[in-house]
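Engineer: Using only what follows, build the 3D model:
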Amino acid sequence: MVPGLSDGTVELAALAGDGDAAALVAGEDDEIARWLSGPSATLETAARHIDRCALDWVGDWFRPGTALTWGIRDAASGALAGTAEVQLSTADVEAGTANLAYGVFPSWRGRRYGARAVGLMCGWLATTTATQLAVVRVEPGNAASIRVAEQAGFARAGRSRGVAGAPMLRYVRVLR
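Structural biologist: As a prediction, the model looks like this:
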């Protein structure tokens, strides 16, 4: 079961149903496609993504390839504003470290929803897991994601490589 998290302005909640699939497609812009998702989503691929997200919450959260994903929602309206995810086990990040990723839809940007979502994920990690460190890896040209990491209390900690070997800036936040 996906834990619901909230700070009163932003809620992290499960992705579900055709409404969220349509919102994922509608909310994707060139920035999200470039930095996170790749080719443009369709209703079919968004629905498959939502199903995969639900399955990842079942069973061992540390199994390779698992991404624990929430929808970032506006607390007042419940509208989907983006997505946020945690990977507790990934081959290119050291043990005891969680890899975080996030994307905020264009109409919700500039309201600190990304930073709030990251803060909620860090709080959840600190109280629910034994994870010691959270890491955000950002491509050097992604200024918006760098701002989110910094607003969420992450500090620059050198460079690393992304999944495809691309150079990434590494931001970390100690959880405990």
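
Engineer: now for the worst-scoring helix or strand of the chain on mean pLDDT, which elements pack on it?
Structural biologist: Ranking every helix and strand in the chain by mean pLDDT, DSSP states H and E puts helix 30-32 at the bottom, with a mean of 71. Taking 3 or more C-beta pairs under 8 Å, 6 or more residues apart in numbering; DSSP states H and E as contact, there are no helices or strands that helix 30-32 lies on. Just so you know, the C-beta spots here come from the backbone N, C-alpha and C atoms, and that holds for glycine as well.

Engineer: now that helix, how far from the centre of its chain.
Structural biologist: Relative to the centre of its chain, helix 30-32 is centred 15 Å away, using C-alpha atoms, centre = their mean, to the nearest Å.

Engineer: Pull the residues that contact it.
Structural biologist: With contact meaning C-beta atoms under 8 Å, 6 or more residues apart in numbering, helix 30-32 is reached by Gly103, Phe105, Pro106, Ala144.

Engineer: Wait, a helix at the first one?
Structural biologist: No - secondary structure of Gly103, determined by DSSP: H, G, I helix; E, B strand; the rest coil: strand, with no helix assignment.

Engineer: thought it was touching Ala81?
Structural biologist: No - using C-beta atoms under 8 Å, Gly103 makes no contact with Ala81, being 9.7 Å away.

Engineer: elements contacting the helix or strand where Val148 lies?
Structural biologist: Val148 is part of helix 143-151 when elements are defined by DSSP states H and E. Packing contacts for helix 143-151, counted by 3+ C-beta pairs under 8 Å, 6+ apart, involve strand 97-104, helix 113-128, strand 133-138, strand 167-174.

Engineer: Now with 6 Å, please.
Structural biologist: helix 113-128, strand 133-138 (3 or more C-beta pairs under 6 Å, 6 or more residues apart in numbering; DSSP states H and E).

Engineer: Val86 reaches Thr69, doesn't it?
Structural biologist: No - the pair Val86 / Thr69 is not scored as a contact, 8.2 Å apart, by C-beta atoms under 6 Å.

Engineer: Could you list every helix and strand that the next helix or strand along the chain from the helix holding Val148 packs against?
Structural biologist: For helix 143-151, the following helix or strand on the C-terminal side (DSSP H and E) is strand 155-161. Counting contacts by 3+ C-beta pairs under 6 Å, 6+ apart, strand 155-161 packs against strand 167-174.

Engineer: Just the angle for the strand it packs on relative to helix 143-151, thanks.
Structural biologist: 20 degrees (axes from the mean of the first three to the mean of the last three C-alpha atoms, to 10 degrees).

Engineer: what lines up beside strand 167-174 in the sheet?
Structural biologist: On the basis of DSSP bridges, the sheet neighbours of strand 167-174 come out as strand 133-138 (antiparallel), strand 155-161 (antiparallel).
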